[in-house]
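*Asks:* got a sequence here, can you build the structure:
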Amino acid sequence: MHSQFATYSKHKQQGAVLIVSLIILLLMTIIGVSSMKTTTLEERMAGNMRDQNLAFQSAEAAIVEGETYLRDTVLIVTDGTAGLHDIGLAPDPLVPATWTTAASSRSATVSLNDDQNARFYIEKLGDIEKPTGRNLTFDPAGNKTNGGDITGYKVVAIGEGPSGESQAILASYYGKKEFQ
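*Replies:* Coordinates of the predicted model:
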C-alpha cells in the first residue's frame, strides 16, 4: 500500500512545481524590470540636477564678471551697446534675442565648461538716495538728490547647462561711487 500512495502522490504533483516556479520567475522578472525603470529615472533626475546646477554656476560666474567690470571700469558709458544699458532701456532677460545679440549682452570670458554659454548685461539704475544700511532707494530719473553720489547698477546673467536643455537667469545689484 505504501508504494501505491507514493505513486499516486508523485503523479498528482508533477505539474504543480512547474507552475509555481513559473509564477515566481514572472514575479521576479516584474520586480527586476521595475527596479531598472526606477534606476533609469533616478539617473536622469541626477543628470538634470547636475545640468541645472552647472547652468546656475555659469550664470553666477557671469554675474561676478559683470560686477568686476563695474568695479574696475572708471567711467561706465551705458549707451546700449556691448551689453551696457541706460536707465530703463535694458532688454527683457526672458526674450531669447537678448542673449544672442552682441549689442544687448556680452559674452562672459569665465566659463566652467565650453558648453556653457554664459552672457551678461549691465543696466544703470540711477543714483542711490540716502544710502543708510540695507535700505537703498534708486532714483530712476538719475537725479542726485540728498547728496547721493553712489550709482546703482543691475547685472543680469544667463548660464546654460552642458546639455543646452537648462538655463539659469540671475540678477545682482551693485552700487558704485562714481568718479567725481
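
*Asks:* what is the subsequent helix or strand relative to the helix of greatest length in the chain?
*Replies:* The longest helix of the chain (DSSP state H) is helix 16-72. Downstream of helix 16-72, the next assigned helix or strand under DSSP states H and E is strand 84-85.

*Asks:* which strands and helices sit next to that next one?
*Replies:* Here strand 84-85 touches strand 119-132, going by 3 or more Cβ pairs under 8 Å, 6 or more residues apart in numbering; DSSP states H and E. Any C-beta I mention is one placed from the backbone N, CA and C, and that applies to glycine too.

*Asks:* now the angle from the strand it packs on to helix 16-72?
*Replies:* Between strand 119-132 and helix 16-72, the angle comes out at 60 degrees (axes from the mean of the first three to the mean of the last three Cα atoms, to 10 degrees).

*Asks:* where does the prediction get shaky in the chain?
*Replies:* For the chain, the stretches flagged by pLDDT under 70 are 1-14, 111-116, 129-148, 178-180.

*Asks:* residue 172 belongs to a strand?
*Replies:* Yes: counting by DSSP: H, G, I helix; E, B strand; the rest coil, residue 172 falls inside a strand.

*Asks:* isn't it right up against residue 63?
*Replies:* Yes: using Cβ atoms under 8 Å, residue 172 is in contact with residue 63, at 4.8 Å.

*Asks:* mutual contacts of the two, please.
*Replies:* Contact criterion Cβ atoms under 8 Å, 6 or more residues apart in numbering; residues shared by residue 172 and residue 63: 155, 157.
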